[in-house]
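*Asks:* what's the 3D shape of this:
(one chain, ligands or ions: 2)
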Amino acid sequence: MSEKFDVIVIGAGPAGYVAAIRAAQLGLKTACIDAFVGKDGKQALGGTCLNVGCIPSKALLDSSKQFYNIAHNLPVHGITVDGAKVDLNTFIGRKDKIVKQFTGGIGQLFKANKVTAFFGTGKLLKDNEVEITGNDGSKQTISATNVILASGSVPIELPFAKFDNKFIVDNAGALDFTDVPKRLGVIGAGVIGLELGSVWKRLGSDVTVLEALPDFLSVADTDIAKIAAKEFAKMGLNIKLSAKLTKAEVKGNEVALTYEDKDGPHDLVVDKLLVAVGRRAYTDGLLANDTGVKLDERGRIVVDEHNHTGVNGVWAIGDAVRGPMLAHKGSEEGVAVAEWIAGKAGHINLDTVPWVIYTEPEIAWAGKTEKQLKEEGVPYKVGTFPFAAIGRAVAMNEAIGQVKMIAHAETDRILGVHMVGPGVSELIAECVVAMEFKGSSEDLARIVHAHPTLSEAVHEAALSVDKRAIHKGN
Ligand code: FAD
Ligand code: AMP
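*Replies:* Residues are numbered from 1 along each chain as shown. Ligands and ions are numbered 1, 2, ... in the order given. This is a model prediction of the structure:
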């Protein structure tokens with residue numbers, strides 16, 4: 001007889017481990033299976049996010065920002081530092097320590113919540129049985145009333161630029177360079193390409209970003225993307241739009257690239273190439289042929305609005321299903337599914353999931369862009385406020401960017417907030433709360449915001465929706 005659980009979660013990324021903890025909190029006997037092997041060769045819980053995604057990228061972004069500020073921000077404050085150097089071992093080692101702290105922390109949380117952790121690859125069989133293949137090839141089968149699939153995503157590989165993780169790297173490779181590449185090529189001006197491109201640019205790499213699409217950051221609001229593009233250009237990130245990589249060949253210690261734009265093919269030689277052209281749902285080996293779980297045309301597990309696959313007791317969450325590939329989206333789906341399984345009222349609203357890009361300046365948004373509202377024929381009004389008129393931002397010497405708030409023209413309900421500037425990764429939270437409570441721009445306009453803070457930009461943008469911002473002309 002196989003060991004029986006109430007819930008088995010396959011995958012211990014931010015979707016799966018959170019689902020497992022919440023299920024256990026609700027009194028369900030829970031197991032979580034994960035195959036991720038850390039740098040030390042041992043099981044590392046936390047998935048892409050903790051091991052090779054959100055956390056390590058933010059660690060390197062913060063370290064590289066400290067270094068960049070020495071030359072580019074401190075002199076304005078009257079502080080000069082001569083001979084600043086980066087010790088890459090310490091730089092990468094700090095990141096590794098943080099990763100270990102957090103991946104180890106998930107193990108402790110599992111123990112504290114009595115989640116049974118299995119190390120290996122889980123495969124869903126018929127009737128909610130799950131076969132676990134250990135990394136040594138050993139097999140065992142467990143079963144559960146409910147199985148939550150949380151197998152996440154992996155980087156998309158271009159057939160003509162295959163990862164060798166030495167010269168042509170994915171996100172994991174770009175978090176672990178042993179030298180600062182003199183010339184770094186980045187394919188894809190998406191979130192990952194911009195963040196990791198920024199890290200190495202700040203340390204001195206000559207970074208060229210090739211983006212196949214004609215518009216920069218087309219997922220973001222156009223005005224915000226325009227401001228960001230200008231700032232990235234000022235910082236020296238060389239972003240080429242309508243430039244499609246067609247060939248990449250490792251020659252000696254270099255990578256020879258060919259890309260095409262409207263003027264035809266061009267050559268470019270770099271020392272390292274980061275391919276960041278998006279991620280795909282990962283379901284390799286996850287499903288036996290007769291489970292009944294379906295995949296869509298993009299290989300994502302098909303689920304309904306309650307993350308149910310349509311197969312009795314089988315659910316799926318996180319990057320492996322539709323919706324934005326963001327850690328917090330997966331985590332909230334995990335909580336909701338655990339609560340639905342326990343007979344409680346789970347909740348997830350994909351319309352208010354905040355997006356953040358941790359570049360300099362940061363970019364953040366939630367809700368609809370102007371372009372989307374135009375396409376949908378929704379009447380709207382817009383308020384904006386620049387950080388240049390925010391005392392705190394000027395005091396910080398980071399008075400760049402703006403907050404843009406979009407509200408319904410008749411009801412004043414906030415439909416979207418889009419920001420580029422200092423601290424916007426934190427400022428977006430207030431707007432998400434307002435939107436989740438179906439708030440209006442008037443609501444935010446009437447709330448007292450501390451002075452002097454960056455949050456005053458949100459307040460003034462809300463006032464500006466009705467042309468009554470105080471510290472700018474309307
Ligand atoms: P994953 O984190 O991919 O976890 C899935 C886990 O399941 C993995 O450990 C995998 O090994 C395991 N697994 C898969 N199949 C099996 C199987 N059959 N058996 C056992 N185990 C299996 N998002 C943000 O919100 N903010 C950020 O700042 C951010 N930064 C990022 C930076 C980078 C460089 C990258 C690459 C991603 C970033 N993301 C960020 C995205 C974020 O990492 C993902 O959205 C998130 O990790 C998805 O969570 P998940 O649990 O669905 O999947
Ligand atoms: P994201 O999905 O946000 O990670 O962004 C990936 C980006 O890579 C998208 O904007 C794609 O347009 C871009 N992209 C995909 N293939 C290529 C290619 N061959 N050359 C240049 N850019 C590409």
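
*Asks:* Contact partners for the closest residue to Phe102 other than its chain neighbours?
*Replies:* Excluding the flanking residues, the one nearest Phe102 by C-beta to C-beta, 6 or more residues apart in numbering is Leu50, at 5.0 Å. Quick note: C-beta positions are derived from backbone N, CA and C, even for glycine. Leu50 is in contact with 13-14, 44, 99, 102-103, 106, counting by C-beta atoms under 8 Å, 6 or more residues apart in numbering.

*Asks:* switch to 7 Å and redo it
*Replies:* Counting by C-beta atoms under 7 Å, 6 or more residues apart in numbering, Leu50 touches 99, 102-103.

*Asks:* Can you tell me which of these is nearest ligand 1?
*Replies:* Within those, the smallest distance to ligand 1 is 9.8 Å, found for Thr103 (C-beta to the nearest ligand atom).

*Asks:* Which strand or helix spans that closest one?
*Replies:* Thr103 belongs to helix 88-113 when assigned by DSSP states H and E.

*Asks:* what pLDDT, on average, does that helix get?
*Replies:* Here helix 88-113 scores 98 as its mean pLDDT.

*Asks:* which other helices and strands contact it?
*Replies:* Helix 88-113 makes packing contacts with helix 16-25, helix 47-52, helix 54-72 when contacts are defined by 3 or more C-beta pairs under 7 Å, 6 or more residues apart in numbering; DSSP states H and E.

*Asks:* Using a markdown table, lay out those helices together with mean pLDDT.
*Replies:* What follows is the helices and strands packed on helix 88-113, written out as a markdown table (pLDDT from 0 to 100):
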| stretch | mean pLDDT |
| --- | --- |
| helix 16-25 | 98 |
| helix 47-52 | 98 |
| helix 54-72 | 98 |
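
*Asks:* Now flag whichever of the contacts of Leu50 is closest to Glu131.
*Replies:* Using C-beta to C-beta, Thr103 is the member of the contacts of Leu50 that lies nearest Glu131, at 24.7 Å.

*Asks:* Counting neighbours, what do you get for the closest one?
*Replies:* Number of residues near Thr103 (other C-beta atoms under 10 Å) recorded here: 22.

*Asks:* Also the one 10 residues further on?
*Replies:* By the measure other C-beta under 10 Å, the count of residues near Asn113 is 14.

*Asks:* ok, now Val321?
*Replies:* Neighbour tally, Val321, other C-beta under 10 Å: 24.

*Asks:* Same question for Glu195.
*Replies:* When neighbours are counted by other C-beta under 10 Å, Glu195 registers 20.

*Asks:* Phi and psi next, for it.
*Replies:* Phi and psi for Glu195, reported as degrees, to the nearest 10, are phi -70, psi -50.

*Asks:* tell me the pLDDT at it?
*Replies:* We note a pLDDT of 98 for Glu195 in this prediction.

*Asks:* What segments of the stretch 351-474 of the chain are strands?
*Replies:* Along the stretch 351-474 of the chain, the stretches classed as strands by DSSP state E, counting those that start in this stretch are 355-357, 362-367, 380-386, 402-408, 414-421.

*Asks:* picking that back up, got JSON lines for the contacts of Leu50, with distance to ligand 1 too?
*Replies:* Output for the contacts of Leu50, formatted as JSON lines (distance: C-beta to the nearest ligand atom, whole Å):
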{"residue": "Val99", "distance to ligand 1": "12"}
{"residue": "Phe102", "distance to ligand 1": "12"}
{"residue": "Thr103", "distance to ligand 1": "10"}
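
*Asks:* What residues does the closest residue to Ala445 other than its chain neighbours make contact with?
*Replies:* Using C-beta to C-beta, 6+ apart and skipping the chain neighbours, the partner closest in space to Ala445 is Ala462 (4.2 Å). Contacts for Ala462 (C-beta under 7 Å, 6+ apart) come out as 383, 405, 441, 444-445.

*Asks:* Which one (most neighbours) among those residues?
*Replies:* Among the contacts of Ala462, Met405 has the most neighbours (other C-beta under 10 Å), with 28 neighbours.

*Asks:* Test my guess that that residue contacts His418.
*Replies:* No: the pair Met405 and His418 does not pass the contact test of C-beta atoms under 7 Å, sitting 8.1 Å apart.

*Asks:* what separates the closest residue to ligand 1 within the stretch 351-474 of the chain from Ser455, distance-wise?
*Replies:* Going by C-beta to the nearest ligand atom, ligand 1 is nearest to Tyr358 of the stretch 351-474 of the chain, at 6.0 Å. Separation of Tyr358 from Ser455 (C-beta to C-beta, to the nearest Å): 19 Å.

*Asks:* now swap in Asn238 and tell me
*Replies:* 34 Å.

*Asks:* The two: which is more packed in?
*Replies:* Each of Asn238 and Ser455 has its neighbours counted (other C-beta under 10 Å); Ser455 has more, 21 against 14.

*Asks:* list the contacts for the more buried one?
*Replies:* Counting by C-beta under 7 Å, 6+ apart, Ser455 makes contact with 427, 430, 449.

*Asks:* what's around the residue nearest to Val433 when sequence neighbours are not counted, how many residues?
*Replies:* Spatial nearest neighbour of Val433, chain neighbours left out: Gly439 (7.8 Å); criterion: C-beta to C-beta, 6+ apart. When neighbours are counted by other C-beta under 10 Å, Gly439 registers 19.

*Asks:* okay but Gly439 is in contact with Val417, surely?
*Replies:* No: applying C-beta under 7 Å as the test, Gly439 and Val417 come out as separate, 10.8 Å apart.

*Asks:* ok, of the contacts of Ser455, which come out buried?
*Replies:* Neighbour-count burial (16 or more other C-beta atoms under 10 Å) applied to those gives 427, 430, 449.

*Asks:* How many neighbouring residues does Trp340 have?
*Replies:* Neighbourhood size, Trp340 [other C-beta under 10 Å]: 18.

*Asks:* again, but for the one 3 residues further on
*Replies:* Look at Gly343: counted by other C-beta under 10 Å, it has 8 neighbours.

*Asks:* circling back to that earlier point, going on from the helix holding Thr103, what's the next piece of helix or strand?
*Replies:* Taking DSSP H and E, what comes next after helix 88-113 is strand 116-119.
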